[in-house]
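Chemist: model the structure of this input:
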Amino acid sequence: MFTALSRVGGRHCNGGLQVLQASNCQPKGAVLPSSAIIRHASQLYPTTSRRWDDAMLKAESIVGDSSNFSSLQQWVSGEFNNITKYLQRLVGTNHPMLETAKRCTYISEGRMGSAQARGLTVMLTSKALGELTKHSCRDKDIEAVIKNQLSLAEMTEMTYSAYMIHRGVMDLKMYGLESVDQSIKLSKDQLDPDHLDPEQAKALHYGNKVSVLCGDFLLAYVMRGLGDLFSSKVVDLVASSITEFMEGEFLLIDDWRSKNYLLSKESRDLKRWIRRSHATIGSLQGNTCQASLVLANINGKLQYDARELGRNLGLAWQAHTELQPFLRDTYEPIELPEMPPYPAYDLNCLPVLLFLRQSHDKNKNFRLMMNEIKTVDSGINSTNNNQSSSSFMNQHRHQEPVNYERLHQLVLNQSSAIDETVKIIQSYSGRAIKHLDSFPPSEAKEVLVNICESLYRK
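Modeler: Just a heads-up that it's a prediction; the model follows:
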């Protein structure tokens, strides 16, 4: 959302950027407690690779000026000031919605931004079959087809941004704040465990409303744009991806609500990771790549290959993203200006899953090791409290606290988990490249291959 809007014009976007910049100042209102941050940490890491950077530059040059992506950008930019007014009231609250807006604007705006790359992948898939499109669309205006494909690429970005914004909605029942009226009636002692006062409670409820509003706003424009494509098949593909987003979210919630997640079978289930990652990233990428061919009247095996290209690239992408925190020798929690620190990785990320899987099979003291990760060091003195608090935390309110720094060290010490993660990235990247074999030679095809290879090559 904000990636696209920032390029449309300064008149609409400057106000939004000022709001986000203002959020870096000293908070003036209620501050969200660190335990209330509900975030998929791996989504905050941009892809870090020189090859990826070069591939994105090349992709942008092939696709052309992103300001020509579609009229959909103009629709949204015309309404951006309305959203900005709501974001202004969130400055200082540290609600996840504001942080998500910052991430979409600053992290995803550059060449390594994930949101931009999703749309570029869709357009590259279309460009790679450009000659076939000319033959298959004899009865149609080829420029209209290309314009529709550009619109689809933009809607791919918007759909994922809406998903991330909706994920910022907090479950306030954990704090006994089911409604604003109820939170006002409670005393500070009753607002256990974080002692939120009524003003803080109001801010969190308001932030939830803004998250729902902004996410729905984006999805509404996506639905409007899909209608203008006049293709029921494309609508079905995008709608099924949104459905799978919800399935993936429920899988994540199940993981987060498990108080003994590290000891559960789900924490070591690779098929569950594949299912969840397909739902949250692979489905949208695969279906929109296929939809770009539907718009060009290209049928048969090429549609299948386009879908599998996007799906496997999405899975490799997710595994690569989850690997990033473990490429550092020391544990570093994620910190943004005026935001409480939160874990650099998720307990259900692929490197941790593979570590738990291997340790469970080989280590007779597996349970003792897990208890060590979940045990607070009673000898920590006050001078180390700040350092301890950033490494020992509960990722989500439902879970038991975990020493993320210690778990990070254990995963690094058992290098086989890292090596296997890289092999999985290579495997999915290789599958994606394999499905490009049916595509005719082109510059766009070469860039798609480079994007796949950049996920495991420096």
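Chemist: for stretch 199-206, buried residues please.
Modeler: 200-206 (16 or more other C-beta atoms under 10 Å). C-beta coordinates here come from the backbone N, C-alpha and C atoms, glycine included.
Chemist: select from those residues every entry located in helices.
Modeler: 200-206 (DSSP state H).
Chemist: wait, which of the buried residues of stretch 199-206 is closest to Pro96?
Modeler: Nearest to Pro96, judged by C-beta to C-beta, of the buried residues of stretch 199-206 is Leu204 at 9.8 Å.
Chemist: so that closest one sits against Leu98, correct?
Modeler: No - with contact defined as C-beta atoms under 8 Å, Leu204 does not reach Leu98; the gap is 11.7 Å.
Chemist: would you mind putting the buried residues of stretch 199-206 into JSON lines with distance to Cys289 alongside?
Modeler: Output for the buried residues of stretch 199-206, formatted as JSON lines (distance: C-beta to C-beta, whole Å):
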{"residue": "Gln200", "distance to Cys289": "44"}
{"residue": "Ala201", "distance to Cys289": "44"}
{"residue": "Lys202", "distance to Cys289": "43"}
{"residue": "Ala203", "distance to Cys289": "40"}
{"residue": "Leu204", "distance to Cys289": "38"}
{"residue": "His205", "distance to Cys289": "39"}
{"residue": "Tyr206", "distance to Cys289": "38"}
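Chemist: need the ones in helices among the buried residues of stretch 199-206 in a markdown table with pLDDT and distance to Ile373, can you?
Modeler: What follows is those, written out as a markdown table (pLDDT from 0 to 100; distance: C-beta to C-beta, whole Å):
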| residue | pLDDT | distance to Ile373 |
| --- | --- | --- |
| Gln200 | 71 | 31 |
| Ala201 | 74 | 33 |
| Lys202 | 80 | 37 |
| Ala203 | 78 | 34 |
| Leu204 | 78 | 30 |
| His205 | 84 | 34 |
| Tyr206 | 84 | 36 |
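Chemist: list the contacts of Glu244.
Modeler: 278-280, 283-284 (C-beta atoms under 8 Å, 6 or more residues apart in numbering).
Chemist: for Ser438, that is, sorry about that
Modeler: Listed by C-beta under 8 Å, 6+ apart, the contact set of Ser438 reads 301-302, 305.
Chemist: just put those in JSON lines and tack on neighbour count and secondary structure.
Modeler: Shown next, in JSON lines, are the contacts of Ser438 (neighbours: other C-beta atoms under 10 Å; DSSP: H, G, I helix; E, B strand; the rest coil):
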{"residue": "Lys301", "neighbour count": "10", "secondary structure": "helix"}
{"residue": "Leu302", "neighbour count": "20", "secondary structure": "helix"}
{"residue": "Asp305", "neighbour count": "21", "secondary structure": "helix"}
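Chemist: Gln318 contacts Gly282, correct?
Modeler: Yes - Gln318 is within contact range of Gly282, at 7.5 Å (criterion: C-beta under 8 Å).
Chemist: so for the two, which sits in the more crowded spot?
Modeler: Gly282 (28 against 25; other C-beta atoms under 10 Å).
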